[in-house]
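Undergrad: Model the structure of this input:
(one chain, ligands or ions: 2)
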Amino acid sequence: MRRLQLSPSILTADFGRLAEEIASVDEFVDWYHLDVMDGHYVDNLTFGPSTVEAIAKVTQRPLHVHLMITDPVKYAPAFATAGAARISFHPEVTADSEAAVEAIAETGVGVGLAIHPDVPVSVAEPHLDQIGVVLMMTVRPGFGGQSFLDEAAPKISEAVALLQKRGRSADIDVEVDGGVNLSTLDRAVGAGADIIVAGSAVFDGVDAPAAAQRLRQRLDAIGKG
Ligand code: DX5
Ligand code: ZN
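TA: Ligands and ions are numbered 1, 2, ... in the order given. As a prediction, the model looks like this:
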């Protein structure tokens, strides 16, 4: 049986009641996915280490910080100190992705490579001995609530095949990020996702715990085969 994991992105949560939003879904989730945007790599701004630190205080679940910023090396230590368990970055932002991987690893957290829909999976190849997760984007980074890009789905299978070929599939999670909801989840899992990010499908402004529970049940059902 495959244990499929759920990682809500808090991007569309009500930030005025973030602690309550998190408490309401906590029993159904495995991780929280925290989208950090700097207004340079993407055309949007979100939050920094102080928000991550506040979230770490209200949940025992591990936190995956998804850096959509141009200088991951500079800011990774602050996010590690704030309580991140994993930090992912986009390798195309840096001329030396090896140095970025090492800088993040040195902070003591797990390292992830985030793969933009326009970036080939092969960027992960040189780093397979150091990373713990490949974050496969199925939307263009920048905003929550976008539609799942079907054309990005084959890259999920490509990532799975690469990890298998290199004997790393037991050690590296495949996480799928963007546009995942009850209608698209089967495509992501069918392509090989281990961890599903769901932002607007959980924090939908209607009933987050019910939405999280539905996704959890669907993942458990698929996992049982
Ligand atoms: C997009 C972010 C995603 C996004 C997920 O730039 O990396 O994590 O917030 O939100 P939904 O699930 O609404 O696409
Ligand atoms: Zn994300």
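
Undergrad: Could I get the average pLDDT for the helix or strand where A211 lies?
TA: Secondary structure assignment for A211, by DSSP states H and E: helix 208-223. For helix 208-223, the mean pLDDT works out to 97.

Undergrad: This structure against ligand 1: which residues are in contact?
TA: For the chain, the contact set with ligand 1 under C-beta under 6 Å from any ligand atom comprises 9, 11, 33, 35, 66, 139, 141-142, 144-146, 177-180, 197-201. For every residue, glycine as well, the C-beta is placed using N, CA and C.

Undergrad: Of the residues you listed, just the buried ones, ChimeraX syntax please.
TA: With 16 or more other C-beta atoms under 10 Å as the criterion, this ChimeraX line picks the buried residues out of these:
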select :9,11,33,35,66,139,141,144,177,178,179,180,197,198,199,200,201
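
Undergrad: just checking: which of the residues of the chain next to ligand 1 also lie near ligand 2?
TA: Among the residues of the chain next to ligand 1, the residues within reach of ligand 2 (C-beta under 5 Å from the ion) are D35, H66, D177.

Undergrad: before we move on, back to that, could I have the CA atoms of the helix holding A211 written out in PDB?
TA: This file holds the C-alpha atoms of helix 208-223, laid out as PDB (Å, rounded to 0.1, in the frame of the first residue of the first chain):
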ATOM      1  CA  ALA A 208     -11.500  23.900   4.700                       C
ATOM      2  CA  PRO A 209     -11.700  20.900   7.100                       C
ATOM      3  CA  ALA A 210     -14.400  19.200   4.900                       C
ATOM      4  CA  ALA A 211     -12.300  19.800   1.800                       C
ATOM      5  CA  ALA A 212      -9.100  18.500   3.400                       C
ATOM      6  CA  GLN A 213     -11.000  15.400   4.600                       C
ATOM      7  CA  ARG A 214     -12.300  14.700   1.100                       C
ATOM      8  CA  LEU A 215      -8.800  14.900  -0.400                       C
ATOM      9  CA  ARG A 216      -7.400  12.800   2.500                       C
ATOM     10  CA  GLN A 217     -10.000  10.100   1.900                       C
ATOM     11  CA  ARG A 218      -9.400  10.100  -1.900                       C
ATOM     12  CA  LEU A 219      -5.700   9.700  -1.300                       C
ATOM     13  CA  ASP A 220      -6.200   6.900   1.100                       C
ATOM     14  CA  ALA A 221      -8.600   5.200  -1.400                       C
ATOM     15  CA  ILE A 222      -6.100   5.500  -4.200                       C
ATOM     16  CA  GLY A 223      -3.200   4.300  -2.000                       C
END
